[in-house]
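Novice: Sequence and predicted structure below; questions after.
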Amino acid sequence: MNTFSKITQFFAWFIILGLSRPFFKIEVKNMQHLKGVRAPAILISNHIRFYDSFLYRIAVGLWSPLSPLRFMGVKRFHSPILNFMVKIGIVPLVYFLMGVVTVVNGKGVTKNLEAPKKALRGGAVIAMFPEGKMFYDDTVGPFKWGAAILAEETDTPLMPFAIRKQGRKVIINVGHSFCIDKTKGPTENTEIIRDVVVKLFNEIDF
């Protein structure tokens, strides 16, 4: 799956960038913070729109050693349009092509983290949205525990991003890689992780 998704994501980079140009003006700030970051790693960001996963891929760059990204995604959405796309097979096809690790609502954190833990221990890069859903109102929502638990139990560093949109302009702000403090519990670490993303979010100036 790693080799296959690496190939599909490589070509998808050109397609995504080409399709996005008529609709969005995308700017990536502080890309230098990605220098030296290697797999395994956990990429975290706030979640503003359904295309955020593609923005992740644009942000890390075409030749990034972090590629391929193993995205975490759900099969059930709050959006009726996305649920319809699941039913007709579009979302499952995209998930297959892009190497998405699926989680199931209501299954529980422990069970849902089994696959990403295995992927990280195999040297993967997991990209996730700790809010667990999209927030359209230009705010960063509360984070769930998943990223903190995953980072702690696999000794994996976190690479934070923040995404903000105004009109056609989308800005992605890249932060510094960091490790969580294992002496703290998942609740406190989750707040620390969120604070890092909120700071990056607030630094974005249109």
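Specialist: Now that the structure is in, tell me what you want to look at. Numbers count the residues shown, from 1 in each chain.

Novice: Other residues contacting the top strand by length along the chain?
Specialist: Ordering each strand of the chain by length in residues (DSSP state E) puts strand 158-166 first. For strand 158-166, the external contacting residues (C-beta atoms under 8 Å, 6 or more residues apart in numbering) are 34, 37, 41-49, 52, 55-56, 59, 138, 140, 147, 151, 170-180, 193, 196-198, 200-201, 203-204, 206. Any C-beta I mention is one placed from the backbone N, CA and C, and that applies to glycine too.

Novice: Report the buried members of those.
Specialist: 34, 37, 41-48, 52, 55-56, 59, 140, 147, 151, 170-175, 177, 180, 193, 196-198, 200-201, 204 (16 or more other C-beta atoms under 10 Å).

Novice: Filter the residues you listed down to just the ones in strands.
Specialist: In this view, these that belong to strands under DSSP E are 41-44, 170-174.

Novice: Export those residues as a markdown table, with columns for pLDDT.
Specialist: Below are those laid out as a markdown table (pLDDT from 0 to 100):
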| residue | pLDDT |
| --- | --- |
| A41 | 96 |
| I42 | 97 |
| L43 | 97 |
| I44 | 97 |
| V170 | 95 |
| I171 | 97 |
| I172 | 97 |
| N173 | 98 |
| V174 | 97 |
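
Novice: ok, so of the residues you listed, who is nearest G18?
Specialist: V170 (15.5 Å; C-beta to C-beta).

Novice: picking that back up, list the buried ones in the longest strand of the chain?
Specialist: Result for strand 158-166 [16+ other C-beta under 10 Å]: buried residues 158-165.

Novice: Next, report how far that strand is displaced from the centre of its chain.
Specialist: 9 Å (C-alpha atoms, centre = their mean, to the nearest Å).

Novice: Could you look up the SS state of the residue in the chain sticking out farthest from the centre?
Specialist: Going by C-alpha atoms, centre = their mean, the residue of the chain most distant from its centre is T183, 25.5 Å out. Classification of T183 using DSSP: H, G, I helix; E, B strand; the rest coil returns coil.
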